[in-house]
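*Asks:* Structure here, sequence nowhere to be found:
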């Protein structure tokens with residue numbers, strides 16, 4: 001198959017983006033729409049769901065993706081309005097600080113449900129429709145660099161994200177006979193509304209960027225670009241993979257550019 005410009009097109013594709021009301025999910029939804037996809041925003045917050053859907057001319061489904069019945073209802077509404085999805089982005093999730101010695105069973109369960117269990121629920125429901133339609137598809141799981149490195153203070157979150165990466169590989173093998181590809185994107189510091197709030201005062205973005213080999217934080221549009229690649233025919237032979245959209249921090253493995261000299265040092269230097 002010769003490569004052509006149409007390989008990037010998502011014309012006629014129905015894509016579901018969970019947690020698409022803000023941040024990385026909203027950026028991916030906008031990217032998909034720019035390449036021709038019909039987009040369903042699955043989002044718990046009604047206001048952001050509708051705002052994001054209006055922005056891309058898509059469908060807003062107000063849904064808690066941790067609830068199996070709610071996922072089933074959102075999928076039915078999506079199929080009725082836009083047709084059966086052939087692309088799913090499992091982007092919804094969240095984190096709060098929970099040190100190992102202080103994590104309660106309820107806190108652990110909440111983080112696992114929010115970041116791993118819902119990925120299984122959405123993947124399972126949407127993949128069943130993909131199999132029934134027989135047209136193949138692409139499932140993209142948004143993980144994190146914390147799934148492949150220690151995350152002190154965030155044990156449950158990082159364990160859940162590591163689970164997403166393994167689930168990605170296993171699902172890729174189980175769904176390959178149905179021509180459904182499953183891959184993951186693992187960001188590090190990507191500037192979203194939530195990160196800006198956490199970052200606080202001026203200069204925080206520059207300080208964070210100084211720890212990245214490429215010298216800056218990431219943008220949601222850069223995650224969107226990788227997602228468009230995985231959703232389109234450009235990646236037709238790519239499955240079971242994790243792409244680190246992180247400016248090189250995963251490759252760095254703890255090596256950081258010195259803020260004055262630019263030479264690499266092991267560990268950040270103030």
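*Replies:* Everything's here; your move. Computed from a predicted model, the values in this text were never measured in an experiment.
*Asks:* So which elements touch the top helix by length along the chain?
*Replies:* Longest helix in the chain, counting residues (DSSP state H): helix 155-175. Counting contacts by 3 or more CB pairs under 8 Å, 6 or more residues apart in numbering; DSSP states H and E, helix 155-175 packs against helix 105-112, helix 118-133, strand 137-142, strand 180-187. C-beta: built from backbone N, CA, C; applies to glycine.
*Asks:* Adjacent strands (with direction) for the helix or strand following the last one?
*Replies:* Elements were assigned by DSSP states H and E; along the chain past strand 180-187, the next helix or strand is strand 190-191. Note on strand 190-191: by DSSP bridges, its sheet partners are strand 218-219 (parallel).
*Asks:* Name the residues of the helix or strand following the partner strand that are buried.
*Replies:* Counting by DSSP H and E, the next helix or strand C-terminal to strand 218-219 is helix 220-231. By 16 or more other CB atoms under 10 Å, the buried positions in helix 220-231 come out as 220, 222-224, 226-231.
*Asks:* So which of the helices and strands packed on helix 155-175 is nearest residue 49?
*Replies:* For residue 49, the closest of those is helix 118-133, at 15.3 Å, according to CB to CB.
*Asks:* Need the contact partners of that closest one.
*Replies:* 16, 18, 42, 65-66, 68, 71-72, 75, 79, 84-86, 88, 90, 92-93, 136-137, 139, 141, 164, 167, 171, 175, 178, 180, 182 (CB atoms under 8 Å, 6 or more residues apart in numbering).
*Asks:* related to what we said a few turns ago, out of the helices and strands packed on helix 155-175, indicate the one that is most buried.
*Replies:* With neighbours taken as mean count of other CB atoms under 10 Å, the helices and strands packed on helix 155-175 reach their highest mean count in strand 137-142, at a mean of 27.
*Asks:* Which neighbours in the sheet does that strand have, and how are they oriented?
*Replies:* strand 87-90 (parallel), strand 180-187 (parallel).
*Asks:* what pLDDT, on average, does the shortest one get?
*Replies:* So the one you mean is strand 87-90. Averaging pLDDT along strand 87-90 yields 98.
*Asks:* Please apply the same query to the last one.
*Replies:* What strand 180-187 shows for mean pLDDT is 98.
*Asks:* Measure how that strand sits relative to helix 155-175, angle-wise.
*Replies:* Strand 180-187 and helix 155-175 meet at an angle of 150 degrees, taking axes from the mean of the first three to the mean of the last three CA atoms, to 10 degrees as the criterion.
*Asks:* Filter the contacts of helix 118-133 down to the buried ones.
*Replies:* The neighbour-count test (16+ other CB under 10 Å) marks 16, 18, 42, 65-66, 71, 75, 79, 85-86, 88, 90, 92-93, 137, 139, 141, 164, 167, 171, 175, 178, 180, 182 as buried among the contacts of helix 118-133.
*Asks:* What is the least confident helix or strand in this protein?
*Replies:* helix 193-199 (a mean of 63; mean pLDDT, DSSP states H and E).
*Asks:* Name the residues that touch the helix or strand just after that one?
*Replies:* Moving toward the C-terminus from helix 193-199, the next helix or strand (DSSP H and E) is helix 204-209. Residues from elsewhere that reach helix 204-209 (CB under 8 Å, 6+ apart): 189, 191, 199, 215-217.
*Asks:* could I get these as CSV with distance to residue 49 and neighbour count?
*Replies:* CSV is the format used below for those (distance: CB to CB, whole Å; neighbours: other CB atoms under 10 Å):
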residue, distance to residue 49, neighbour count
189, 26, 19
191, 22, 19
199, 25, 16
215, 35, 13
216, 30, 15
217, 26, 25
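*Asks:* residues in contact with the nearest residue to residue 218 once chain neighbours are set aside?
*Replies:* Excluding its sequence neighbours, the residue lying closest to residue 218 (CB to CB, 6 or more residues apart in numbering) is residue 190, at 4.2 Å. Applying CB under 8 Å, 6+ apart, we find residue 190 in contact with 23-24, 217-220, 222-223, 245.
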